[in-house]
Structure formats: structure tokens, C-alpha cells
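Peer 1: need a 3D model of the sequence below.
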Amino acid sequence: MMSSLFSVFDPCSGIFNLPLNWLSTLLGLVFLPYMYWSSPTRWVLVWNKITSTLYLEFQVLLGVKFSNFILMFVSLFGFIVFNNFLGLFPYIFTSTSHLVVTLSLSLPLWLGYMVFGWINHTQHMFAHLVPNGTPSVLMPFMVLIETISNVIRPGTLAVRLCANMIAGHLLLSLMGGAGVGMGTVLSFFLVMSQILLLLLESAVAVIQSYVFAILSTLYASEVV
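Peer 2: A predicted model of the protein is given here:
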């Protein structure tokens, strides 16, 4: 019996058809106790170095007075990268491959930016709709274009992360299913190709987490 290629993205488990696969989003909490050891491991030192670098980079964009927001964006990066990485392991559900998760991350952030910006910096928000040096004839069109580009931001953030996670997992599933009935030589090349693809997906997991966090920070820097 053939199963759907998208069955790996089904959040419902086989236990009374309950959506228990969403519990995989909490697996990142398993790694937190290692950060409180008296003698940290090498992985903890690497993670601390990554978060410190991100903190300094986000601080340049937001400034010192918004340090609380910087911690939020670093935590956002950590949440996404843990879910992306854990989804590469067998039998672990990738929650970031669903729009319901990615849009739940991007939409509240964008709404918060808009409410904060239009209430506290109204003139600054209006000025963003017309870039400097725009001819008077093109100003109505630029306002329309900038408004549309601003409105679709949460959607582009969500779809970018979701689509990249889906594409990699689908390709791994297709290559794994193609190995049935192959010879020894072809199976060897198939396994090597999957290993290389898995390394690529590991890089994509980090890159997409960074892109999501840095774009969220850039959007926030426009309204502060």
C-alpha cells in the first residue's frame, strides 16, 4: 500500500489520530539543562559563542536601549534552529514545515511593529512610504508599492521558512524511496548523495533560522 509523499508532514499521530506530533516543538527544552552545568561542554561553549555573536549583531541594528528586544530575537533564532535541526532526525516531526507555526511567529511580530510604529512614530512611518528622491508623479505609485510590500512581509517570512523545510524533506523522501530495487553500486551512490543532501539541509536549517531572525530585526529597526 502506497502512502502519500506528504504524510511525513502530517501532525496527527497513529494514536487515536491525535496531533501529538506537535510535541516535537518542546524537544529543544531537553537541551537547556546542559547550559547550567558547572563545567560546560564544547557544544554549550559553541552555542554561547553563537548567541553572543548574534546579540552583538542585533545590537547594531536596534541599539542599546532596546536590549530586551535583542534577547527576544536571539531566543527566536534558537527556537527555530532547534526545530529545524531536530526535524532532520528520523521519526521527529518538523513543526517549522507548517505555515501554522511559521505564520504564528511572523504575524504577531509584524503586527507589534506596526502598532508600535504607527502609534509612536507616525510621521516616520509615513516617510517610509515614499523613498527620498521620488518624483512627484510617482509618489502615489510608490505609496501603493511600499504598502503592499509592507503588508506581505509576514507572509514572505513564513513561506520562506516553511518552503525551504518542505523542499529538503521531500527531496530526501524521494531519494529514499528511489533506492528500492537498485543495485549495489547505484545504492552506494544514492546513499552518498543523501549524506551530502543531509549536510546541505543542516546548513539550510541554520541559514533559514538566521534569515528569519535577521529579517525580523531589520523590520523592527525600521519602526524604532
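
Peer 1: summarise which helices and strands the longest helix along the chain is packed against.
Peer 2: Counting residues, the longest helix found in the chain (DSSP state H) is helix 184-221. If contacts are counted by 3 or more CB pairs under 8 Å, 6 or more residues apart in numbering; DSSP states H and E, helix 184-221 sits against helix 42-62, helix 67-86, helix 99-120, helix 153-177. C-beta coordinates here come from the backbone N, C-alpha and C atoms, glycine included.

Peer 1: tell me the most buried of the ones you listed?
Peer 2: Among the helices and strands packed on helix 184-221, helix 67-86 has the highest mean neighbour count (mean count of other CB atoms under 10 Å), at a mean of 19.

Peer 1: pLDDT averaged over that helix, what's the number?
Peer 2: Helix 67-86 carries an average pLDDT of 89.

Peer 1: that older thread, can you put the helices and strands packed on helix 184-221 in a markdown table and add distance to Ile214?
Peer 2: Shown next, in a markdown table, are the helices and strands packed on helix 184-221 (distance: least, CB to CB, whole Å):
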| stretch | distance to Ile214 |
| --- | --- |
| helix 42-62 | 8 |
| helix 67-86 | 8 |
| helix 99-120 | 13 |
| helix 153-177 | 11 |
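
Peer 1: nearest to Ile145, out of the ones you listed?
Peer 2: Nearest of the helices and strands packed on helix 184-221 to Ile145, taken as CB to CB: helix 153-177 at 13.3 Å.

Peer 1: ok, residues contacting the closest one?
Peer 2: By CB atoms under 8 Å, 6 or more residues apart in numbering, the residues outside helix 153-177 that reach it are 5-6, 8-9, 80, 84, 87, 94, 96-99, 102-103, 105-107, 109-111, 190, 193-194, 197-198, 200-201, 204-205, 208, 211-212, 215-216, 219.
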